[in-house]
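1. Provide a 3D model corresponding to the input given below.
(4 chains)
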Number of protein chains: 4
Amino acid sequence: MIRFNCDYLEGAHPRIMQALMDTNMVQTVGYGEDEYCEEAREKIKEACKCEEAEVHFLVGGTQANMTVIASILRPHQAVLCVKEGHINVHETGAIEATGHKVMAIGGKDGKLTAEQIREAHKNHWEDGAHEHITQPKLVYISNPTELGTIYSKAELEEIRKACDDCNMYLFLDGARLGYGLMSEESDFTLEDVAKNCDVFYIGGTKVGALFGEAVVITNKALQEDFRYIIKQKGGMLAKGRLLGIQFLELFKDGLYFEISAHAMRLAKLLKEGLIKAGYKFYADSPTNQLFVIVSDDKLKQLDEKYSYEYQMRYDETSSVIRFCTSWATKEENVLALLEDMK
Amino acid sequence: MIRFNCDYLEGAHPRIMQALMDTNMVQTVGYGEDEYCEEAREKIKEACKCEEAEVHFLVGGTQANMTVIASILRPHQAVLCVKEGHINVHETGAIEATGHKVMAIGGKDGKLTAEQIREAHKNHWEDGAHEHITQPKLVYISNPTELGTIYSKAELEEIRKACDDCNMYLFLDGARLGYGLMSEESDFTLEDVAKNCDVFYIGGTKVGALFGEAVVITNKALQEDFRYIIKQKGGMLAKGRLLGIQFLELFKDGLYFEISAHAMRLAKLLKEGLIKAGYKFYADSPTNQLFVIVSDDKLKQLDEKYSYEYQMRYDETSSVIRFCTSWATKEENVLALLEDMK
Amino acid sequence: MIRFNCDYLEGAHPRIMQALMDTNMVQTVGYGEDEYCEEAREKIKEACKCEEAEVHFLVGGTQANMTVIASILRPHQAVLCVKEGHINVHETGAIEATGHKVMAIGGKDGKLTAEQIREAHKNHWEDGAHEHITQPKLVYISNPTELGTIYSKAELEEIRKACDDCNMYLFLDGARLGYGLMSEESDFTLEDVAKNCDVFYIGGTKVGALFGEAVVITNKALQEDFRYIIKQKGGMLAKGRLLGIQFLELFKDGLYFEISAHAMRLAKLLKEGLIKAGYKFYADSPTNQLFVIVSDDKLKQLDEKYSYEYQMRYDETSSVIRFCTSWATKEENVLALLEDMK
Amino acid sequence: MIRFNCDYLEGAHPRIMQALMDTNMVQTVGYGEDEYCEEAREKIKEACKCEEAEVHFLVGGTQANMTVIASILRPHQAVLCVKEGHINVHETGAIEATGHKVMAIGGKDGKLTAEQIREAHKNHWEDGAHEHITQPKLVYISNPTELGTIYSKAELEEIRKACDDCNMYLFLDGARLGYGLMSEESDFTLEDVAKNCDVFYIGGTKVGALFGEAVVITNKALQEDFRYIIKQKGGMLAKGRLLGIQFLELFKDGLYFEISAHAMRLAKLLKEGLIKAGYKFYADSPTNQLFVIVSDDKLKQLDEKYSYEYQMRYDETSSVIRFCTSWATKEENVLALLEDMK
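-> Sure thing, here's the model as predicted:
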């Protein structure tokens, strides 16, 4: 079975495993206050060109999302996102469990626009009964989105401006940030992310690490007491150094970007091959998740050798499925898949 | 200023005020354990023809909704309702503040169908990743709905059946239940409500009382420890007898239904008059809330003498507004309004 | 049965009932935005000599406590109070249900001291692992306390100073504030309360109203968006004017203080009579709650004619019980009780 | 610097690291549904001799505690534990953040007794106002406790019986369970834990794993939908196999018990050496945490070479500190410490 169903199929990049082996018997203090974490935080701040940022390491994405959101909002405030937003549909109500409504609106290609933010803000404050409605205070976007699409720099900057004008915060979920930034179609950098977001996270779980997400809080007003919230939400890893060691390796000499680029190269190979073979896509993704329309007959054939993520029925005889590439994908497997997809 | 903007503009029905005056200096125990509450509970159980029900008195609707819902659901379970559902849009995230997602789906005329419930259930359990999604466990409907529409007996029974088949509970918000039941178009009774719902409430605030909602829990499995939850959510009135005295008066000799019928008669008078005058409606409500399309010029004129609730712009030159009648509406005022609406 | 078990046995002061009758058919807007509420707010701000305060009317005490506390604290922050604090033992975990720990410490006579606040603050911040512990951020005191004792002006000012020094907020639960202020032993006024607390509430339920607590937020930093939180926690009364009308009557010409003084006069009469009759007290209360030690034989005799609140066993043959006087207590009943207590 | 301050100073046991290396590039499904997790679950159920148990793998202790507790309790229900309980003092209010009060009572040597449980139950239900108080429904104990003490089999069985009689559940926090079971003074086995608890967890983080706690739910009534709660609380590891691989290694051939025994042997060596050197203990721990009273002068000397956890001041010239041994402690380091402690 060759798996293409997601981008967290294997363990970690060999260099990360080696770093964990090398440091295994070193004694350190716990809870992320060790020297590896400290060094990794410095590397990430450098990469973001944002010295005043605070960097925290969490284990997973849902944890990162709920910790960040709960940390920012007062009880009556809500987070705005697109309907497909991960926090809206795939976290078993983790945000609501911290007491906050997710205000989901229909996006375009999985993306939110500056205009939609302005409109949501206006609708709220113009409503005579606004105190009876949750107050949109935080904007949540993902890059890449759940549909694999990415924001342009102009779009990101417009969203930032809308948030400023509306007195709202901007949080970017970067579970697959590396893949987004390394897409050929992306026109911005990690530095731009840091410049435009109040808080965001750099995903490790799907980009080479065993696990781990680096939350970067650039807005000083949101930095206070964040470690308390991590602890309360169950996200403070006892052996915090495990996160530091991994992110240190990822950001020491550009490994994070290098392995992201590898996934992007193979995604492109796969996408172009599929196009050539006549396949259509449900969403036009320039990143590592490809949403392909495949006949049910073909799927039956694929099932013998490959795994993919079933998305939904497309029409009577075909379905939408997802293929993912990742830092670990082998070119030979992509070629084999393309051969079998013909 | 003659007000038609809502159905909680005045105090209480004179008989209720008199009952409060008559009992004012009587000493009773607190927290709803007095004899008035006891007697009122019995009257309501009789009216519902449901001896095994438990009846609890709460002060207001949001309180009733959040107490009932929080009492029933486990953390990962959600409540299903239509987009316009009061809990979804007009309670400042009260349900989410108790930790639960409101799963809102587009209804028809403000109503949910049995088919939609079955579909939501199927979608959830067929999803391979259902553990990553909140589990729909409770159905919330209102009768009348937020658009003034009402369910038919057949619809209610189909919803009940869908809930049974899907292992879900059914909760009916009856903030305006009297008006719904007394609508000429309604084909079911309070007894049918009790027979088909696991829990519902009979609204007093909008139907003659100073305040108060009577929560009726017919499903024995949902009765345990409900008073703890009332207390925790801030809804246990110290002088609980105030609620008992009011509901006792409302259910002693049919006052609740009588005053509801009064509101319905005037709503009909108003609706027919508006139709005669050529007005169109945004929703075809057979109850005490009328959603009328009115030109902006006409609105300016109305503003001098009447209040209404502005709903939204309809087109470039007209808007949707709401008129309400209630137990307290005077026929002369309806006639005056109709005269001025010509 | 003559009841002395609590101070919410009757309805409301006759003047309040009359005001509710007089205004019953007046039409007003809802949710506390009517003219009665507006006027009552002004009266209360005058009485507090605090023009910049915000005043909000809530229905009950638990609701007021949980709304205020949830409004102020971030998720990791806790409220400090004495073990007997109402929020710690008699609100079914209402505060915890909003996500916050109640950090309870042993007080003296039901009171917290400035020194204890400083110590709690020091203990927290000196602990190397303070991020693993809830952060004390809000001090909750009651005046009178649950044991009927009251703070002196000096004590209150010291607590204020401690809160300032520790960067903590001060919240005073005034469910029985009138009785506290009108005690002969009290050396401060409502103005002093307003001057020293960030937020407090003036209890109506136990002091002449049918129900209602007036939350006064003097600290501008805590005023933002409070109405949203009221709505979310189920405390926004549809016919808000009911609260305005009652508090307007209570604060129009000093009725609140006058009826509080009445209760205090009868409490003194009762206390002195009990002392003369040889009774001992469990706590030395200068307010309307008297905690008396009574032999079990005597209690059996009392049971035939009087109600009291049983507190706990004192020794093998006697118990602690509570008698309360209130705005509604009749002198003749106190004299009858004293006669029977001999 | 030789560290004795806690038992999570190093990475993982070499065999675990090797297993992670060996499986690193294997592709598996996520979220704990892979074959390693499946096999590990079987091994643990065998070790517990409890075929009907459900086993779930979580990353850390606070996460395990809050997930288990939130899964079991209804909103008004509380968890009972000793004052020193980890959930009460060292989890930043994680339990309260899920809405539940921690009802802490003074234990003895960090342990709760069956009698205290019965008393808490009786106190609650005998109180006429019990609906105003959180309902104790779940008992939380740790073995070893926060003071390093352990329960006897008789004590555990009595607690089980008390829980049965009081209709309460029993949850055992086994963050250091291996050390507890391998203590020479322990008279019960993992099987006894499974037999007496409704739910418990087997700690990996402090006993040889990089991270991980295996929650074992033996009571079928508590098994439903637990994976939803894990996801909601942010505890569902994407690469769940990392937990399976580790626990599989720990339970394949008794490694968990073997390395726990190693820590116990060195703890005994250290304890006996300290006794011989004349030291007194703050608590008499038979497990891997030793709470020693040390003069401040001696501490200054130690600081140059060793780390320990400072607990509190003991008297004017001495303090209580904690030394821990673990699976990773080297005998030579214990001997060096003993030499320097002389």
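
2. mind listing what A:Asp127 touches?
-> A:Ile133 (CB atoms under 8 Å, 6 or more residues apart in numbering or on different chains). Every C-beta, even on glycine, is put in place using the N, C-alpha and C of the backbone.

3. which bits of the stretch 151-300 of chain A sit near chain C?
-> Within the stretch 151-300 of chain A, the positions lying close to chain C (CB under 8 Å from any CB of the partner chain) are A:Asp225, A:Arg227, A:Tyr228, A:Ile229, A:Lys231, A:Gln232, A:Met236.

4. A:Tyr201 and A:Arg176 touch, don't they?
-> No - between A:Tyr201 and A:Arg176 there is no contact under CB atoms under 8 Å: 10.9 Å.

5. quick one: which of the residues of the stretch 151-300 of chain A next to chain C is nearest chain C?
-> Taking CB to the nearest CB as the measure, A:Tyr228 is the one of these closest to chain C, at 3.6 Å.

6. from memory that closest one sits against D:Thr92, does it?
-> Yes - using CB under 8 Å, A:Tyr228 makes contact with D:Thr92 at a distance of 5.4 Å.

7. and what about the most centrally placed residue in chain A, helix, strand or coil?
-> Chain A has A:Ala175 as the residue nearest its centroid, 2.1 Å off, counting by CA atoms, centre = their mean. Classification of A:Ala175 by DSSP: H, G, I helix; E, B strand; the rest coil places it in coil.

8. give me the residues contacting the helix or strand where A:Met103 lies.
-> With elements taken from DSSP states H and E, the one containing A:Met103 is strand A:102-105. Contacts with strand A:102-105, where a contact means CB under 8 Å, 6+ apart, come from A:78-83, A:85, A:87-88, A:95-96, A:112, A:116, A:120, A:134, A:136, B:101.

9. and those, which are buried?
-> Buried by 16 or more other CB atoms under 10 Å in any protein chain shown: A:78-82, A:85, A:87-88, A:95-96, A:112, A:116, A:120, A:134, A:136, B:101, out of the contacts of strand A:102-105.

10. shouldn't A:Arg160 be within a helix?
-> Yes - secondary structure assignment places A:Arg160 in a helix (three-state DSSP).

11. so it is in contact with A:Leu170, correct?
-> Yes - if you go by CB under 8 Å, A:Arg160 and A:Leu170 touch, sitting 6.1 Å apart.

12. so what sits against both of those two?
-> A:Asn196, A:Cys197.

13. between the two, which one's more packed in?
-> Using other CB atoms under 10 Å in any protein chain shown, the more surrounded residue of A:Arg160 and A:Leu170 is A:Leu170, with 22 against 18.

14. which residues does the more buried one contact?
-> By CB under 8 Å, 6+ apart, A:Leu170 lies in contact with A:Leu138, A:Val139, A:Ile141, A:Ile159, A:Arg160, A:Cys163, A:Asn196, A:Cys197, A:Asp198, A:Val199.

15. ok, 6 Å please
-> Contacts for A:Leu170 were tallied using CB atoms under 6 Å, 6 or more residues apart in numbering or on different chains; they are A:Val139, A:Cys163, A:Cys197, A:Asp198.

16. top of the residues you listed by neighbour count?
-> A:Val139 (27 neighbours).

17. backbone phi and psi for A:Met25, please?
-> phi -100, psi 10 (degrees, to the nearest 10).

18. my guess is it meets D:Glu10, correct?
-> Yes - look at A:Met25 against D:Glu10 with CB atoms under 6 Å: they come within range, at 5.3 Å.
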